[in-house]
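In: Here is my input, please return the structure:
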Amino acid sequence: MRMRIVAAGAAVAIAAAASVSFAAGLTERLQTDRMTVLKIDRAGSRVQCVEHRKWTAVAQGMVEAVQEGDIVRFERTSPGAPRVVLLRTAADELASPE
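Out: Predicted structure coming up:
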């Protein structure tokens, strides 16, 4: 009986550690995927972000949806230039109490 309790306790501890690890991985992924738009080259369909300051070519027509200061992520669904996904506008970011 005592052996079952110890085994059950170990299983709960492992499950809790896995949950914490998953949450930390998700948070890290969200933080590394989020980028703040610094500059936009509308003619060249490129975006420069604050985090790495390099120009990234994006799918045609995607730069019209973003402004400087917006929080975005890039989504690669097929070969070629990635899509821009707007996560938060610059106005929303400034108005946020965070």
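In: For the rest of this, base every contact and every neighbour count on C-alpha atoms.
Out: Noted.
In: What ranges does this protein have for its strands?
Out: Assigned by DSSP state E, the strands in the chain fall at 35-41, 46-49, 55-57, 71-75, 83-88.
In: Where does the prediction get shaky in this protein?
Out: 1-32, 98 (pLDDT under 70).
In: again, only using 80
Out: 1-33, 77-78, 93-94, 96-98 (pLDDT under 80).
In: picking that back up, can you tell me which of the strands of the chain is packed in deepest?
Out: Compared across these, strand 46-49 shows the largest average neighbour count, a mean of 21 (mean count of other C-alpha atoms under 10 Å).
In: Now do that one: which elements does it pack against?
Out: strand 35-41, strand 55-57 (3 or more C-alpha pairs under 8 Å, 6 or more residues apart in numbering; DSSP states H and E).
In: can those strands go into JSON lines with extra columns for distance to C49?
Out: Listed next are these as JSON lines, based on distance: least, C-alpha to C-alpha, whole Å:
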{"stretch": "strand 35-41", "distance to C49": "4"}
{"stretch": "strand 55-57", "distance to C49": "7"}
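In: To T89, which of those strands lies closest?
Out: Nearest to T89, of all these, is strand 35-41, at 9.7 Å by C-alpha to C-alpha.
In: Each with direction, which strands does the closest one pair with?
Out: strand 46-49 (antiparallel), strand 71-75 (antiparallel) (DSSP bridges).
In: Touching it from outside, list them.
Out: 46-51, 53, 63, 67-73 (C-alpha atoms under 8 Å, 6 or more residues apart in numbering).
In: how about that strand as CSV, C-alpha atoms only?
Out: Extracted as CSV, the C-alpha positions of strand 35-41 are listed here (Å, rounded to 0.1, in the frame of the first residue of the first chain):
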residue,chain,number,x,y,z
MET,A,35,8.7,41.3,-32.8
THR,A,36,8.2,45.1,-32.8
VAL,A,37,8.2,46.7,-36.2
LEU,A,38,10.9,49.4,-36.5
LYS,A,39,10.6,50.4,-40.2
ILE,A,40,8.6,49.3,-43.2
ASP,A,41,9.7,49.3,-46.8
